[in-house]
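Engineer: sequence and predicted structure, then a few things I'm wondering about:
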2 protein chains.
Amino acid sequence: MTTVRGELTRTRILDAALALFRERGYDNTTMRAIAERAQVALGNAYYYFESKDHLIQAFYGRTHDEHLAVCQPLLAETGSLRERLLMVMRAKLDTIEPYHQFAGALFKTAADPASPLNPFSDASRPVREEAIALFRTVVDGATTKIPADLRAELPQLLWTYHMGIILYWIHDRSTGRAKSYRLVEQTVMLIDRLVALAGLPLMGSIRASVLEMIAESQQ
Amino acid sequence: MTTVRGELTRTRILDAALALFRERGYDNTTMRAIAERAQVALGNAYYYFESKDHLIQAFYGRTHDEHLAVCQPLLAETGSLRERLLMVMRAKLDTIEPYHQFAGALFKTAADPASPLNPFSDASRPVREEAIALFRTVVDGATTKIPADLRAELPQLLWTYHMGIILYWIHDRSTGRAKSYRLVEQTVMLIDRLVALAGLPLMGSIRASVLEMIAESQQ
DNA sequence: GTCTATAACCGGATAGAC
DNA sequence: GTCTATCCGGTTATAGAC
């Protein structure tokens, strides 16, 4: 698995799979077709990827890395929470757009709590932590004033928010996913306002009780 | 399908399926095993249910009817929004509890936008409308004062909220699903407070802009 | 130990006879 | 409305090449 040739074969299989998924969707792509396009035997594809579902996990990794690469230079500068979050969320939608048509199948396997692909599972903790770290960068580099207790929880909360947006996006049938972009704009503005509101002098006790509820419900 | 005998066979297949799902989970139950327990041929099971997934849709219908039957007498009386919503949500969790172990598989098919089983799809509109109607009863019978514009949207919003709770419940590994019940209690209280807050004199414009955002994002 | 290939197995789904 | 026979594709076992 560490050989150069092996790495190439692995890449070839993943490329073939993603291309076919985009061309004809997840369900209509057979493992036999993937193997054929990658010019390997069927059994060989299973040497590199435990199952058809695991190709999805690899896809996850790819788009996350791509998203990260786009965001990092932009996040190096500072800005308001609203600006930074908006930028990251738009970049996310841009990154995953080419895969919208098979995103349903993707989410299908991801939704199963028994699946290691489910974003809340222990198995996907590393990927999740990485994604949460991105939101921590968003928060930490923001010029907006944020109460310390909220600031600590915010990255995790924003990650959950971002999963919600993706759920909406999956079901979004509007051209160019215009509705998703619009929803991001509006919800980011709302979040920005809520964070500002939470910082007001009288909000301390309400904020504490809401944060406690969130902490308690964390699984 | 309308014959008495046919109806009996159909019921027998569904009963066998649900029993097996509970005993050994969705994935570990084969259509062959279902057919065998129901004492019909494999092909015959497909005469009544288009696919294995469609057995889940039937399950949906059953638990919804059961939930409705529990709620209706209780909702005949009036009460605060908080009391009524809490009651309906608790009853929901009670109703679906026996199926928790295969709820993952359930959600798996439901999450696919291409599937007619997905709760947001056109195909499941009738079931969804029925469920939303239940929340309309909750709202309409409540003694709590609610602004008219919010009141109109609230049933739909509460249905979406209830889907979110189910998503949480699916991933809930605490004994007796204690965390889910606790989350329901806390979020219902929060909703009650927000609705009260939205009714205050100065909140009109904020409420309108939030409601507009929600209306616009509806798919 | 790293990689490739072939031949099954298993279960969801379908065709078509009765 | 019910059955049998069959297809199809994800997955696995296993033999062996480098």
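Structural biologist: Sure, I can see it.
Engineer: every contact and neighbour count from this point should use C-alpha atoms.
Structural biologist: OK.
Engineer: for chain A, give me the ranges with low pLDDT.
Structural biologist: Along chain A, the model assigns pLDDT under 70 to residues A:1-2.
Engineer: break it down into its domains, please.
Structural biologist: A:1-50, A:52-217 (automatic domain parsing).
Engineer: now the ones you listed in CSV, please, with extra columns for distance to DNA strand D and mean neighbour count.
Structural biologist: Conversion of the domains of chain A to CSV gives the following (distance: least, CA to the nearest atom of the strand, whole Å; neighbours: other CA atoms under 10 Å in any protein chain shown):
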stretch, distance to DNA strand D, mean neighbour count
domain A:1-50, 3, 16
domain A:52-217, 4, 17
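Engineer: make CSV out of the ones you listed and add distance to DNA strand C.
Structural biologist: Supplementary listing: the domains of chain A in CSV, determined by distance: least, CA to the nearest atom of the strand, whole Å:
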stretch, distance to DNA strand C
domain A:1-50, 3
domain A:52-217, 14
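Engineer: can you lay out those as TSV showing distance to residue B:150?
Structural biologist: Supplementary listing: the domains of chain A in TSV, determined by distance: least, CA to CA, whole Å:
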stretch	distance to residue B:150
domain A:1-50	40
domain A:52-217	18
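Engineer: now the strand or helix carrying residue A:75: how far from the chain's centre is it?
Structural biologist: Assignment of secondary structure by DSSP states H and E places residue A:75 within helix A:52-76. Between the centre of helix A:52-76 and the centre of its chain there are 8 Å (CA atoms, centre = their mean, to the nearest Å).
Engineer: packing partners for that helix?
Structural biologist: Under the contact criterion of 3 or more CA pairs under 8 Å, 6 or more residues apart in numbering or on different chains; DSSP states H and E, helix A:52-76 touches helix A:4-24, helix A:81-96, helix A:125-140.
Engineer: nearest to chain B, out of those?
Structural biologist: helix A:4-24 (13.6 Å; CA to the nearest CA).
Engineer: quick check: next helix or strand after the closest one?
Structural biologist: With elements assigned by DSSP H and E, the helix or strand that comes after helix A:4-24 is helix A:31-37.
Engineer: just the CA atoms of that following helix, as PDB, please.
Structural biologist: Listed in PDB are the C-alpha atoms of helix A:31-37, where the atom choice follows Å, rounded to 0.1, in the frame of the first residue of the first chain:
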ATOM      1  CA  MET A  31     -17.700  -2.100  -9.000                       C
ATOM      2  CA  ARG A  32     -17.100  -4.100 -12.200                       C
ATOM      3  CA  ALA A  33     -17.300  -0.900 -14.300                       C
ATOM      4  CA  ILE A  34     -15.000   1.000 -11.900                       C
ATOM      5  CA  ALA A  35     -12.400  -1.900 -12.100                       C
ATOM      6  CA  GLU A  36     -12.700  -2.000 -15.900                       C
ATOM      7  CA  ARG A  37     -12.100   1.800 -16.300                       C
END
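Engineer: show me what the helix or strand following it is in contact with.
Structural biologist: Next helix or strand after helix A:31-37 toward the C-terminus (DSSP H and E): helix A:42-48. Counting contacts by CA atoms under 8 Å, 6 or more residues apart in numbering or on different chains, the residues outside helix A:42-48 that touch it are A:1, A:10, A:13, A:31-32, A:35-36.
Engineer: swap in 7 Å and give it another go.
Structural biologist: A:10, A:13, A:31-32, A:35 (CA atoms under 7 Å, 6 or more residues apart in numbering or on different chains).
Engineer: any chance of JSON lines for those residues, columns distance to chain B?
Structural biologist: Below are these laid out as JSON lines (distance: CA to the nearest CA, whole Å):
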{"residue": "A:10", "distance to chain B": "28"}
{"residue": "A:13", "distance to chain B": "25"}
{"residue": "A:31", "distance to chain B": "20"}
{"residue": "A:32", "distance to chain B": "23"}
{"residue": "A:35", "distance to chain B": "25"}
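Engineer: between all of these, which two are separated the most?
Structural biologist: Of all pairs drawn from the contacts of helix A:42-48, the widest gap by CA to CA lies between A:10 and A:32 and measures 15.4 Å.
Engineer: quick one, which of the domains of chain A is nearest to residue B:188?
Structural biologist: Residue B:188 lies closest to domain A:52-217 among the domains of chain A, at 12.0 Å (CA to CA).
Engineer: ends of that closest one, what's the gap?
Structural biologist: Using CA to CA, to the nearest Å, the end-to-end distance of domain A:52-217 comes to 33 Å.
Engineer: so which residues make contact with the strand or helix carrying residue A:214?
Structural biologist: Residue A:214 is part of helix A:204-217, with elements assigned from DSSP H and E. When contacts are taken as CA under 7 Å, 6+ apart, the neighbours of helix A:204-217 outside the stretch itself are A:198, B:179, B:183.
Engineer: rerun at 10 Å
Structural biologist: Taking contacts as CA atoms under 10 Å, 6 or more residues apart in numbering or on different chains, the residues outside helix A:204-217 that touch it are A:147, A:149-150, A:153-154, A:157, A:195, A:197-199, B:168, B:172, B:179-180, B:182-183, B:186-187, B:190.
Engineer: swap in stretch A:145-156?
Structural biologist: Applying CA under 10 Å, 6+ apart, the external contacts of stretch A:145-156 come out as A:80-81, A:128-129, A:131-140, A:157, A:160-162, A:195-200, A:204, A:207-208, A:210-211, A:214-215.
Engineer: dump that stretch to PDB, restricted to CA.
Structural biologist: Provided in PDB are the C-alpha atoms of stretch A:145-156 (Å, rounded to 0.1, in the frame of the first residue of the first chain):
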ATOM      1  CA  LYS A 145     -15.900  40.300  20.100                       C
ATOM      2  CA  ILE A 146     -17.100  36.900  21.400                       C
ATOM      3  CA  PRO A 147     -17.600  35.800  25.000                       C
ATOM      4  CA  ALA A 148     -15.100  33.200  26.100                       C
ATOM      5  CA  ASP A 149     -17.500  30.500  27.000                       C
ATOM      6  CA  LEU A 150     -19.300  30.800  23.700                       C
ATOM      7  CA  ARG A 151     -16.000  31.100  21.800                       C
ATOM      8  CA  ALA A 152     -15.000  27.700  23.200                       C
ATOM      9  CA  GLU A 153     -18.100  25.900  21.900                       C
ATOM     10  CA  LEU A 154     -18.500  27.900  18.700                       C
ATOM     11  CA  PRO A 155     -16.300  25.800  16.300                       C
ATOM     12  CA  GLN A 156     -18.300  22.600  17.200                       C
END
